[in-house]
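> Sequence first, predicted coordinates after that:
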Amino acid sequence: MDADGENVVVVGSGGMLGWEVVELLKKSGFTVTALDIPEIDITKPQSVHSVLGLIKGLRLLINCAAYTAVDKAESESEAAFAANRDGPANLADECARFGIPIIHISTDYIFNGMADRPYKEENAADPINIYGLSKWQGEEAVRSRISEHVIVRTSWLYGARGQNFVKTMLRLGAEREELKVVSDQYGCPTWSFDLAACLVRIAERAILSSEKVPWGAYHFCGAGITTWYNFASAILDEARRRQSSRIAKVMPVPTSSYPTVAARPMYSALDCSKIEASFGIAPPPWEKSLAHLMDILSQGI
């Protein structure tokens, strides 16, 4: 069975991840309905109901929409919960009504960061900031409303579009002589293209395959654990290889000397063995993916 004519809705299609998902779905032959503000307001049940009700041949929904301003969420909790909890609840309600599966994106920030080994899907959630709590409650909202769901938790997402750590480091690296980056927070950088490819693989399994889909929560992130300091150093090393202009030096600093409004998990690496066992999806090493993105950015694609 091929993807021709199979309609997949991508909510949050204008974002860093959503755009990649739309492009890859199209390349795989799917019909894609791309939705974002102002076409749909996921925080309003009536908007979700009326917009999705007009779509013909709907087979699956991928929710890439989210409130991701971690520090701002502490003072804008109402907006964070509306987008990250109520929005997924509204989408899951409609997916259940239409009898179609939902793929929903979540985060490493649902964990408290006190582990000493990569988090598995069954480890207890214990978010330490409003953003993480809103995302956890969004997961719970999806789980309680529809059995045919795949929740994919990811971490340290970066990409060619939108604002993210890689693009910030490149900008600051060109503007300053020295950058100070925290060196005691550990995680797994994830290229939005790799995550999008993962989501498309899951969509293909859900729609095109006769093989049963193992619904539930999964982890997907770049392979390998690093710190923000080492990640920043790798970004600027890649930049130096591609240009002759001066690039800033990166200096390590402890989290204690770089206070933020919202607390961050000190260790939020994710164990991705379940998604590899269940879907055959093996995350690429984060260093290799970073190099691929830098090639794209340097070519101005």
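Noted; the coordinates are in hand.

> and residue 134, how many neighbours?
Residues lying near residue 134 (other Cβ atoms under 10 Å) number 27. No exception for glycine: its C-beta is placed from N, CA and C like everyone else's.

> An error on my part: the question was meant for residue 203.
Residue 203 has 26 neighbours, counted by other Cβ under 10 Å.

> Equivalent analysis for residue 171, please.
Neighbour tally, residue 171, other Cβ under 10 Å: 11.

> Can I get the helix or strand harbouring it in CSV, CA atoms only?
If you go by DSSP states H and E, residue 171 is part of helix 165-175. Output of helix 165-175 as CSV, limited to C-alpha atoms (Å, rounded to 0.1, in the frame of the first residue of the first chain):
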residue,chain,number,x,y,z
PHE,A,165,20.3,27.0,20.3
VAL,A,166,22.4,26.3,17.1
LYS,A,167,21.3,29.5,15.4
THR,A,168,21.7,31.5,18.6
MET,A,169,25.3,30.2,19.0
LEU,A,170,26.1,31.0,15.4
ARG,A,171,24.8,34.5,15.7
LEU,A,172,26.5,35.2,19.0
GLY,A,173,29.7,33.5,17.9
ALA,A,174,30.0,35.9,15.0
GLU,A,175,29.2,39.0,17.2
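
> Which strand or helix spans residue 20?
Residue 20 belongs to helix 16-27, assigned by DSSP H and E.

> Which other helices and strands does that helix contact?
strand 7-11, strand 31-35, strand 157-158, helix 192-208 (3 or more Cβ pairs under 8 Å, 6 or more residues apart in numbering; DSSP states H and E).

> that older thread, what angle separates the helix holding residue 171 from helix 16-27?
120 degrees (axes from the mean of the first three to the mean of the last three Cα atoms, to 10 degrees).

> isn't there a helix covering residue 89?
Yes: assigned with DSSP: H, G, I helix; E, B strand; the rest coil, residue 89 falls within a helix.

> Kindly confirm whether my reading is correct that it touches residue 141.
Yes: contact status for residue 89 versus residue 141: in contact at 3.7 Å, counting by Cβ atoms under 8 Å.

> on that earlier part again, right, and the helices and strands packed on helix 16-27 - which one's nearest residue 113?
Smallest distance to residue 113 across the helices and strands packed on helix 16-27 (Cβ to Cβ): 17.0 Å, for strand 157-158.
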